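S.K.: I need the structure of the sequence given here:
(chains A, B, C and D)
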2 protein chains.
Amino acid sequence: MTGKNLAGPEADALDLGAVFRALADEHRRSVLTQLAADRGDNERGCNSFDLPISKQTQTHHFRVLREAGLIDEIDYGNRKGVRLRRADIEMRFPGLLALLEAEPPGDTDPR
Amino acid sequence: MTGKNLAGPEADALDLGAVFRALADEHRRSVLTQLAADRGDNERGCNSFDLPISKQTQTHHFRVLREAGLIDEIDYGNRKGVRLRRADIEMRFPGLLALLEAEPPGDTDPR
DNA sequence: CTTCAGGTACGACTTGAATCGTACCTGAAG
DNA sequence: CTTCAGGTACGATTCAAGTCGTACCTGAAG
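M.R.: Here you go, the predicted model:
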């Protein structure tokens, strides 16, 4: 039942460039905004984000977010959980999550 | 002598997605970090950033930064000035510039 | 006037990223 | 066991972005 945590960078190793690149994508930013909105930082299923893209692409986006150090991915084998690394992000980039929370949620930015 | 200011978005219209996309590039982030380091927000020449890229590419990057609303470009005809839009950025995205200032300057991130 | 440095316009090339199709794996429920 | 939904792996495609070569513009200095 207890899944294993997939590897991401240490809190000290978080790179601002990688974070900005991760947040440059609309879908990934949507995921992080939704995660940041929950002050309890509960683990969420990957299905709960209602992304209008295929599951292969979702896998790709969650991987990018994890490799940027923004989320933890917990692997249960046939499903996966996601949790925001709020403490690490706040320590390394204080105020970053506040910027995301302040954004209007339905802002489908017309690239 | 007084140049004309090239058009950028209004302060209210600054888009977080465009800002993240602009800051996702190492060279543009370097420019903004250097600008943010000067608390006096003095106008700087485009040549003063020591970017290891051709001038055509520099033109491209400064345009992206301006269209994201992060800098003003002042056109003098045969040269150009750049100024950080600190007040607008701070109003719309408080704390963003602090994140850049906190970064180690010589961080040549190995993409 | 000519020269020259700074900057732009346009096009071409190249790389990376987002997306999806197909196939396969994993664990839970029949 | 089989079935099924969630997720991954791999490859292919498409598109945006970074880069530069060539040509041209602009204003200042001879």
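S.K.: mind exporting stretch A:79-94 as CSV, just the C-alpha atoms?
M.R.: Presented in CSV, the C-alpha positions along stretch A:79-94 are these (Å, rounded to 0.1, in the frame of the first residue of the first chain):
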residue,chain,number,x,y,z
ARG,A,79,-1.6,4.6,-9.7
LYS,A,80,0.4,7.6,-8.6
GLY,A,81,0.2,10.3,-6.0
VAL,A,82,1.5,13.9,-6.1
ARG,A,83,2.4,16.2,-3.3
LEU,A,84,3.7,19.7,-3.3
ARG,A,85,7.2,20.3,-1.9
ARG,A,86,6.0,23.4,-0.2
ALA,A,87,8.6,23.6,2.6
ASP,A,88,11.5,23.1,0.2
ILE,A,89,10.2,25.6,-2.3
GLU,A,90,9.6,28.2,0.4
MET,A,91,13.0,27.7,1.8
ARG,A,92,14.8,28.0,-1.5
PHE,A,93,12.4,30.5,-3.3
PRO,A,94,10.4,32.3,-0.7
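S.K.: Spell out which parts of chain A neighbour DNA strand C.
M.R.: Within chain A, the residues that sit near DNA strand C (C-beta under 7 Å from any atom of the strand) are A:1, A:21, A:24-25, A:27-28, A:53-54, A:56-57, A:60-61, A:64, A:76-78. Yep, even glycine has a C-beta here, placed from its N, CA and C like the rest.
S.K.: Tell me which residue of chain A lies closest to DNA strand C.
M.R.: Ranked by C-beta to the nearest atom of the strand, the top residue of chain A for proximity to DNA strand C is residue A:77, at 2.4 Å.
S.K.: count of neighbours near the residue lying closest to residue A:4 once chain neighbours are set aside?
M.R.: The shortest distance from residue A:4 to any non-neighbouring residue, by C-beta to C-beta, 6 or more residues apart in numbering or on different chains, is to residue A:75 (5.6 Å). Residue A:75: 12 surrounding residues under other C-beta atoms under 10 Å in any protein chain shown.
S.K.: Distance check, residue A:75 against chain B.
M.R.: Distance, residue A:75 to chain B, by C-beta to the nearest C-beta, to the nearest Å: 27 Å.
S.K.: Same question for residue A:3.
M.R.: With distances taken as C-beta to the nearest C-beta, residue A:3 is found 30 Å from chain B.
S.K.: Spit out the contact partners of that residue.
M.R.: Residues near residue A:3 by C-beta atoms under 8 Å, 6 or more residues apart in numbering or on different chains: A:74-77, A:80-81.
S.K.: any weak-confidence spans in chain A?
M.R.: Low-confidence segments of chain A (pLDDT under 70): A:1, A:105-111.
S.K.: Name the residues of it found near chain B, please.
M.R.: Proximity of chain A to chain B (C-beta under 8 Å from any C-beta of the partner chain) is limited to residues A:15-18, A:20-21, A:23-24, A:26, A:29, A:93-96, A:98-100, A:103, A:107, A:109, A:111.
S.K.: Backbone torsions only: list them for the residue nearest to residue A:4.
M.R.: Note on residue A:75: its backbone torsions stand at phi -90, psi 120 [degrees, to the nearest 10].
S.K.: Buried members of the residues of chain A next to chain B into ChimeraX, please.
M.R.: To isolate the buried ones among the residues of chain A next to chain B in ChimeraX, judged by 16 or more other C-beta atoms under 10 Å in any protein chain shown, type:
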select /A:15,16,17,18,20,21,23,24,26,29,93,96,99,100,103
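S.K.: Quick check: the residue of chain A nearest chain B.
M.R.: Minimum separation of chain A from chain B (C-beta to the nearest C-beta) falls at residue A:95, amounting to 3.0 Å.
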